[in-house]
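> my questions concern the predicted model and sequence given below.
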Amino acid sequence: MLPIERRGEILQKLMLDGRVVVGELAEHYQVTEETIRRDLEKLEADGYAKKTYGGAVRNDNMTSELPYTVRKQTNVSGKKYIAEIIGSLISDGDSLLLDASTTALFTVKSIFTKHNLTLVTNSVEILLDLPQGHDWNIVSTGGSYRSESMSFYGASAEEVVEKYYADYAILSCKGFDVDKGMTDGRETYAMLKKAFIRSAKKVILAVDHTKFNKISFVRLGELEDIDIVVTDVEPDEKWKQIFREKGIELYY
């Protein structure tokens, strides 16, 4: 196994479990503990991990974007659950703005049987994964391509989004906080999602339970911008009360 492949697997385990142990990784990969420490140093330098005595923990405040292959394997069951709920809210003939999150990809899979949909997305993988022979109208935002997220961003992508007014914007975020609202890791990501919010009748936030009470680097929207929250675990009473006060529909 190449070092980059091993680091990718370690990163995936770190995102899933929240921590890794040097000795366990060395035994699993049949390499020295020093080799694993170098792997963790690289992950720390990239902003994904924080080294601890004997291992590392996940950096929940990271500004670095996780590789798409890692994000796609993180909390898969939760994302599929969220996607199925969102799919049940969409009707034939609806128009959708979809971000490049892995939850959005699962959402598209959940609505393959719907007809006459219009999709506007910056996700390359969604474009590649569309069903054959569909009767959907597909619009790609184009823009500056980012390989780590398999998606388009930038001013030109935002200009495309702002040409439309869709029934739903379906988006995710990296952090979801009562005071700071929705936050994300990069300004370019946040700016496009802000355009999504401006260009939709209703905003659906797809947010798994790990994002609650977390704050990332860039603010992308307030709680007042959201019409519907879909998550995978029942939020605590504090959050449910806030959603009631702000008129936000909650599904879990």
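Happy to help now that I have it. Numbers count the residues shown, from 1 in each chain.
> give me the low-pLDDT residue ranges for this protein?
Scanning the chain for pLDDT under 70 picks out the ranges 61-73.
> tell me the centre residue of it?
Ser101 (3.9 Å; Cα atoms, centre = their mean).
> was I right about that one contacting Ala206?
Yes - judged on Cβ atoms under 8 Å, Ser101 makes contact with Ala206 at a distance of 6.9 Å. Where you see a C-beta, it was placed from the backbone N, CA and C, and this is true even at glycine.
> list residues touching both of those two?
Between them, Ser101 and Ala206 share the neighbouring residues Leu171, Ser172, with contact defined by Cβ atoms under 8 Å, 6 or more residues apart in numbering.
> run the chain-centre distance for stretch 43-50.
Shown here is stretch 43-50, whose average C-alpha point lies 19 Å from the average C-alpha point of the whole chain (Cα atoms, centre = their mean, to the nearest Å).
> could you tell me the end-to-end distance of that stretch?
When the termini of stretch 43-50 are compared using Cα to Cα, to the nearest Å, they are 8 Å apart.
> if we can go back for a sec, from Thr183, how far off is the residue nearest to the centre of the chain?
Look at Ser101 and Thr183: by Cβ to Cβ, to the nearest Å, they are 14 Å apart.
> and Ile197, by the same measure?
Applying Cβ to Cβ, one obtains 14 Å for the distance of Ile197 from Thr183.
> which residues do those two both contact?
Both Ile197 and Thr183 are in contact with Leu220, where contact means Cβ under 8 Å, 6+ apart.
> please enumerate the helices of this protein.
When secondary structure is read from DSSP state H, the chain shows helices at 3-17, 22-29, 33-45, 68-71, 76-89, 102-110, 124-128, 155-161, 187-198, 237-246.
> just put those helices in a markdown table and tack on distance to Thr231 and mean neighbour count.
Shown next, in a markdown table, are the helices of the chain (distance: least, Cβ to Cβ, whole Å; neighbours: other Cβ atoms under 10 Å):
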| stretch | distance to Thr231 | mean neighbour count |
| --- | --- | --- |
| helix 3-17 | 18 | 16 |
| helix 22-29 | 31 | 16 |
| helix 33-45 | 28 | 17 |
| helix 68-71 | 17 | 19 |
| helix 76-89 | 7 | 18 |
| helix 102-110 | 10 | 23 |
| helix 124-128 | 21 | 17 |
| helix 155-161 | 25 | 18 |
| helix 187-198 | 18 | 22 |
| helix 237-246 | 9 | 12 |
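> can I get these in JSON lines including distance to Asp167?
Rendered in JSON lines, the data for the helices of the chain read as follows (distance: least, Cβ to Cβ, whole Å):
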{"stretch": "helix 3-17", "distance to Asp167": "33"}
{"stretch": "helix 22-29", "distance to Asp167": "47"}
{"stretch": "helix 33-45", "distance to Asp167": "40"}
{"stretch": "helix 68-71", "distance to Asp167": "26"}
{"stretch": "helix 76-89", "distance to Asp167": "10"}
{"stretch": "helix 102-110", "distance to Asp167": "14"}
{"stretch": "helix 124-128", "distance to Asp167": "17"}
{"stretch": "helix 155-161", "distance to Asp167": "14"}
{"stretch": "helix 187-198", "distance to Asp167": "12"}
{"stretch": "helix 237-246", "distance to Asp167": "21"}
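> separation between the nearest residue to Thr35 once chain neighbours are set aside and Gly55?
Counting by Cβ to Cβ, 6 or more residues apart in numbering, the nearest residue to Thr35 once its immediate chain neighbours are dropped is Ala26, at 7.2 Å. Separation of Ala26 from Gly55 (Cβ to Cβ): 11 Å.
> what residue in this protein is the furthest from its centre?
What lies farthest from the middle of the chain is Thr32; by Cα atoms, centre = their mean that is 34.2 Å.
> am I right that that one is in contact with Leu25?
No - at 10.6 Å, Thr32 does not count as touching Leu25 under the criterion of Cβ under 8 Å.
> now stretch 197-211, how far from the chain's geometric center?
Its chain's C-alpha centre and that of stretch 197-211 lie 11 Å apart, by Cα atoms, centre = their mean.
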